[in-house]
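Student: structure of the sequence below:
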Amino acid sequence: MQYSSNMPPPEYAMGVPAQHMLIPGQWSTGLCECGKDVPNCCLTCWCPCISFGQIAEVVDKGTTSCGVHGALYSILCLFTGCECIYSFTYRSKLRRQYMLPEQPCNDCLLHCFCECCALCQEHRELKYRGFDPSLGCQGNLSSQNHGMVMPPVGPEEMKR
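Tutor: Next comes the predicted model:
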């Protein structure tokens with residue numbers, strides 16, 4: 001179906017956040033394009049545990065909170081200096097979710113040698129795909145539903 005310039009794209013009609021024009025199978029920005037999101041770049045350079053926690057919560061679809069991911073990242077950083085072993089696994093998950101190539105090198109090597117750049121790129125990728133990592137998983141779901149959140153259904157409410 002063709003859409004005219006005065007008709008909204010189908011994403012708007014379904015309440016899904018609009019995504020930038022992305023080429024399937026490619027990252028939306030390059031690894032060293034941190035200047036495209038300066039606030040996130042500064043946050044990631046000074047406190048990567050927060051950036052990583054936000055990314056991991058969205059990639060995990062909220063199964064674990066930003067705080068837990070950030071705390072584990074910080075503990076690994078302080079006691080082993082090998083936080084990259086934890087963070088690279090989430091880059092791999094993100095790549096699998098969006099069928100992105102493993103470039104410019106292996107995820108583990110990228111996080112070992114360019115941790116801040118890798119985290120910034122992952123954060124930008126989520127933003128370009130319609131997520132705001134700073135809102136967390138639940139915040140993104142709420143904003144996608146335009147603030148309409150359904151109350152949880154408890155087991156006692158399901159009885160007849």
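Student: which element is residue 87 on?
Tutor: Residue 87 belongs to helix 83-98 when assigned by DSSP states H and E.
Student: beyond that helix, next helix or strand please.
Tutor: helix 107-113.
Student: check which element follows that following helix along the chain.
Tutor: helix 115-128.
Student: right, and residue 139 touches residue 132 too?
Tutor: Yes. With contact defined as Cβ atoms under 8 Å, residue 139 reaches residue 132; the gap is 7.1 Å. (Each C-beta comes from the backbone N, C-alpha and C, glycine too.)
Student: got any ranges where the protein has weak pLDDT?
Tutor: Low-confidence segments of the chain (pLDDT under 70): 1-24, 144-160.
Student: mind listing the helices for it?
Tutor: In the chain, the segments counted as helices under DSSP state H are 10-14, 38-46, 48-59, 66-79, 83-98, 107-113, 115-128, 136-144.
Student: of the ones you listed, flag the one that's most buried.
Tutor: helix 48-59 (a mean of 25; mean count of other Cβ atoms under 10 Å).
Student: now the angle from it to helix 115-128?
Tutor: Orientation check (axes from the mean of the first three to the mean of the last three Cα atoms, to 10 degrees): helix 48-59 against helix 115-128 gives 40 degrees.
Student: could you tell me the angle between helix 48-59 and helix 38-46?
Tutor: If you take the same axes, to 10 degrees, helix 48-59 sits at 120 degrees to helix 38-46.
Student: centre of the chain to helix 48-59, how far?
Tutor: Mean-position distance between helix 48-59 and its chain equals 7 Å (Cα atoms, centre = their mean, to the nearest Å).
Student: what's in contact with it?
Tutor: With Cβ atoms under 8 Å, 6 or more residues apart in numbering as the test, helix 48-59 has contacts from 40, 43-44, 64-71, 73-74, 77, 83, 87, 90, 93-94, 97, 115-116, 119-120, 122-123, 126, 131, 133-134, 136-137, 140.
Student: ok, stretch 88-99 next?
Tutor: Under Cβ under 8 Å, 6+ apart, the answer for stretch 88-99 is 24-25, 52, 55-56, 59-60, 100-102, 107-108, 110-112, 118, 122, 125-126, 129.
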